[in-house]
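> need a structure here:
(2 chains)
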There are 2 protein chains.
Amino acid sequence: MNRLTQWICREGRVISPEFLRVDGFLNHQIAPAFVEEAGKQLANRFCKADVSCVLTAEAAGNVIAYEVARRLQAHALYAKKGRTATMANPLVRTVRSPTKGTETELAVSGDYLKSGERVLIVDDFLYRGLTSTALAEMVRESGAELVGFGFVIEKRFAKGREVLGKFGVSVTSLASVVRMDPNSGRIDFEE
Amino acid sequence: MNRLTQWICREGRVISPEFLRVDGFLNHQIAPAFVEEAGKQLANRFCKADVSCVLTAEAAGNVIAYEVARRLQAHALYAKKGRTATMANPLVRTVRSPTKGTETELAVSGDYLKSGERVLIVDDFLYRGLTSTALAEMVRESGAELVGFGFVIEKRFAKGREVLGKFGVSVTSLASVVRMDPNSGRIDFEE
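Okay, here's the model as predicted:
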């Protein structure tokens, strides 16, 4: 068990078989040591991919994407929730949240996501892959090249990895959860 | 003129006398070199304040707060937009946006913002000080100690600094804009 999975075991809280609360170190209160380690590990996995843009959906993925971009000497790019009136050349997708049942519009400016960029999509969680699919479709629409997906925590049981398979690029995660038990609080990771 | 003000002059775009667009390096596309430099300078100014928590409002301030926290060996804490059903012991304030006219609810968990913490409030912009006032009120309500405010860009003409004066702590900014001209694109900084 590596340092990140130890941290998730120790401080993550299993709320239901599908919901893991990480707001003590990753989503609300942020532990920089966790984010630095995760950013370093993800950057290492894509260090030969010549990434120029690390794309995520605001706001949960922001600091992870920033840390990966910093280490790869790339830009980070945050898909905004809701199209802003002043955004130039917006690319837009609507994403339905499987947990909340709400719909969110994600928008990225075509001034930044564009042909010639080599794009790595990064997020804190891979669940069913809906947000990442929307981001990957925007990458394709822009003419940029998608080089891979990187996640801190993958909920392996939700099969998001299979959903992203259609894009034909590398999907990597640092901690892959196969089972969570809200009664015991136990989290089982893929070996 | 230091490295940050040079960057803001070169890549910021003056949309109106009050609106400076920085979405090429700070708000939408992120230039890690800019954020690192800003984080380093803000951390240096508060390195003797024994900060344990760097508080900001999601999402614009996230990476700046993260960089400052990382360098001060503190936690970052992001006030969430909208109270989430699962947040424990929420502290809540409503903030009215002077530019958009909308109201946003900001929420922080009292599990993290609490007595014993020494809190630095950080954000990308200081405009009229409404968001920072809401955050500072939550700090006071929680029993934590407020040690200061740090901003990357201050719109000096909007007098947010005077609004924050009532908290009786240090207010610092890295680039203080006294005037912007949308016709020439010129930005004047305080010396």
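> The host helix or strand of A:Phe34: how far from the chain's middle?
Following DSSP states H and E, one finds A:Phe34 within helix A:32-45. How far helix A:32-45 lies from its chain's middle: 13 Å, per Cα atoms, centre = their mean, to the nearest Å.
> same question, stretch A:17-34
On Cα atoms, centre = their mean, the centre of stretch A:17-34 falls 14 Å from that of its chain.
> now do the same end-to-end measure for that stretch.
24 Å (Cα to Cα, to the nearest Å).
> Does chain B have contacts with that stretch?
Yes - Stretch A:17-34 comes into contact with chain B (Cβ under 8 Å from any Cβ of the partner chain), by way of A:Arg21, A:Asp23, A:Gly24, A:His28, A:Gln29, A:Ile30, A:Ala31, A:Pro32. C-betas here are computed from N, CA, C, even on glycine.
> Can you tell me, leaving aside adjacent residues, what's nearest to the fifth one?
Just to be clear, that refers to A:Gln29. B:Tyr112 (4.4 Å; Cβ to Cβ, 6 or more residues apart in numbering or on different chains).
> Spit out the contact partners of that neighbour.
A:Gly24, A:His28, A:Gln29, B:Cys53, B:His75, B:Leu77 (Cβ atoms under 8 Å, 6 or more residues apart in numbering or on different chains).
> what do you get for A:Ala69?
Contacts of A:Ala69 (Cβ under 8 Å, 6+ apart): A:Cys53, A:Val54, A:His75, A:Ala76, B:Ile30, B:Pro32.
> who's in contact with the last one?
Applying Cβ under 8 Å, 6+ apart to B:Pro32 gives the contacts A:Tyr66, A:Ala69, A:Arg70, A:Gln73, A:Ala74, A:His75, A:Ala76.
> Filter those down to the buried ones, PyMOL style.
Written as a PyMOL command, the selection of buried residues from the contacts of B:Pro32, which uses 16 or more other Cβ atoms under 10 Å in any protein chain shown, is:
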select buried, chain A and resi 66+69+70+74+75+76
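> Mind checking which of the contacts of B:Pro32 are in strands?
A:His75, A:Ala76 (DSSP state E).
> Mind putting the contacts of B:Pro32 into a markdown table with distance to B:Pro90?
Below are those laid out as a markdown table (distance: Cβ to Cβ, whole Å):
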| residue | distance to B:Pro90 |
| --- | --- |
| A:Tyr66 | 26 |
| A:Ala69 | 32 |
| A:Arg70 | 32 |
| A:Gln73 | 39 |
| A:Ala74 | 36 |
| A:His75 | 34 |
| A:Ala76 | 29 |
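> tell me the two of the contacts of B:Pro32 that are most distant?
The largest separation in the contacts of B:Pro32, counting by Cβ to Cβ, is between A:Tyr66 and A:Gln73 at 12.7 Å.
> who in chain A is up against chain B?
A:15, A:21, A:23-24, A:28-32, A:35-36, A:58-59, A:62-63, A:65-66, A:69-70, A:73-78, A:80, A:86-87, A:108-109, A:111-112.
> If A:Leu120 is in a bridge, with which residues?
Beta-bridge pairing for A:Leu120 (DSSP bridges): A:Val54, A:Gly148.
> Tell me where chain A has strands.
Using DSSP E, strands in chain A cover A:13-14, A:20-21, A:29-30, A:53-57, A:75-81, A:90-96, A:103-109, A:118-126, A:145-155, A:170-181, A:186-189.
> Please identify the most buried of the ones you listed.
strand A:53-57 (a mean of 28; mean count of other Cβ atoms under 10 Å in any protein chain shown).
> what's that one in contact with?
A:62, A:64-66, A:68-69, A:72, A:74-79, A:81, A:95, A:106, A:108, A:112-113, A:117-123, A:131, A:134-135, A:139, A:144.
> from the middle of its chain, how far away would that strand be?
8 Å.
> hmm, back to that, for the helix holding A:Phe34, which residues meet the burial criterion?
Buried, per 16+ other Cβ under 10 Å, within helix A:32-45: A:Pro32, A:Phe34, A:Val35, A:Glu36, A:Glu37, A:Ala38, A:Gly39, A:Gln41, A:Leu42, A:Ala43, A:Arg45.
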